[in-house]
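Enquirer: coords please:
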Amino acid sequence: MSQKKSYVPRTIKRKRRTKAELDRIRQAIFKELQADHPQTIRGCFYQLTSKGAIDKTEKQYKGTVIRLLVEMRIVGTVPFDWISDNTRWQRKPRTWSSMEAALNNTARTYRRALWDDQDAYVEIWCEKDALAGVLLEETAKWDVPLMVSRGFASITYLHECAQAIAAQGKPAYLYYFGDHDPSGVTIDKTIEKRLRQFAPDAEIHFERVAVTREQIDELKLPTRPTKQTDSRSKSFKGRSVEVDAIPASKLRELVRACIERHVDQRQLEITRVAERSEKELLIDFAAKIEKRKGA
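Expert: This is a model prediction of the structure:
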């Protein structure tokens, strides 16, 4: 009696990329980041997929883009500050080697509070740590707080934020940037609800800026499969879109537009004139201290 041979499926080996193909991807990465930085690695991946430089799969994101960007930063092809990563940071009190060093630093970096004499208070909110590095370039320039919720923020954090808003004593305009996915479309609603609960007397205007359904169509944003493990996925329709899918320059443009609509330009110029005058006084004072020490 003949024995049946068991069927063993053959594994198909994935063709390895050639050196020329990898070089083309490296060139595409460099070109993308040179034109628009800083970006998150995820954001860079989405821009590469939209330009057809790489397939839109998680395997290509982790196995190719992340791997090549590690290599390119180590060898110096891509500057480290072209990639945003605010997920790890150091906690340490700020100290100085001398009083003169502290004075010189203060004189060099002094800025007058821009919003003290404006009629509104503005905050930019974002869902992700990594995205903060992309938006900070714009919020720092305008002296606007950048608030990172890191998904669903704790009530302790939201209570502290609400108290800070209430202390301003003026209308507060909050602009939110987050993913369009089952949890992402709920996070901003939860934040707004808690802030209003913890600061009931404050005038709060809350707006979701990105990602919106309109942006997905208008900007032709790359999507990703919706995570079915998310308990909120049952009531969510369509595919998910990460906020990183919006080009970094576009995100900063949206942030700038939100802020500028509340800036009184005449008052801003008065603030800047005062700042320049006060900065000169600080520089002069620091120079006198140094001169006296050297005498």
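Enquirer: now residue 280, what's its secondary structure?
Expert: helix (DSSP: H, G, I helix; E, B strand; the rest coil).
Enquirer: so where do the strands sit in this structure?
Expert: 121-126, 146-148, 172-177, 204-210 (DSSP state E).
Enquirer: got these as a markdown table, with distance to residue 264, mean pLDDT and mean neighbour count columns?
Expert: For every residue, glycine as well, the C-beta is placed using N, CA and C. Formatted as a markdown table, those follow (distance: least, Cβ to Cβ, whole Å; pLDDT from 0 to 100; neighbours: other Cβ atoms under 10 Å):
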| stretch | distance to residue 264 | mean pLDDT | mean neighbour count |
| --- | --- | --- | --- |
| strand 121-126 | 12 | 98 | 25 |
| strand 146-148 | 22 | 96 | 19 |
| strand 172-177 | 14 | 98 | 23 |
| strand 204-210 | 17 | 98 | 18 |
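Enquirer: of the ones you listed, which approaches residue 274 most closely?
Expert: Nearest to residue 274, of all the strands of the chain, is strand 121-126, at 19.7 Å by Cβ to Cβ.
Enquirer: Residue 293 contacts residue 100, correct?
Expert: Yes. If you go by Cβ atoms under 8 Å, residue 293 and residue 100 touch, sitting 6.6 Å apart.
Enquirer: quick one, which of those two is more surrounded?
Expert: Using other Cβ atoms under 10 Å as the criterion, residue 293 and residue 100 rank with residue 100 on top: 15 against 10.
Enquirer: per-residue confidence at that one?
Expert: Reported pLDDT at residue 100 in the predicted model: 82.
Enquirer: what's the closest non-adjacent residue to it?
Expert: Spatial nearest neighbour of residue 100, chain neighbours left out: residue 290 (5.4 Å); criterion: Cβ to Cβ, 6 or more residues apart in numbering.
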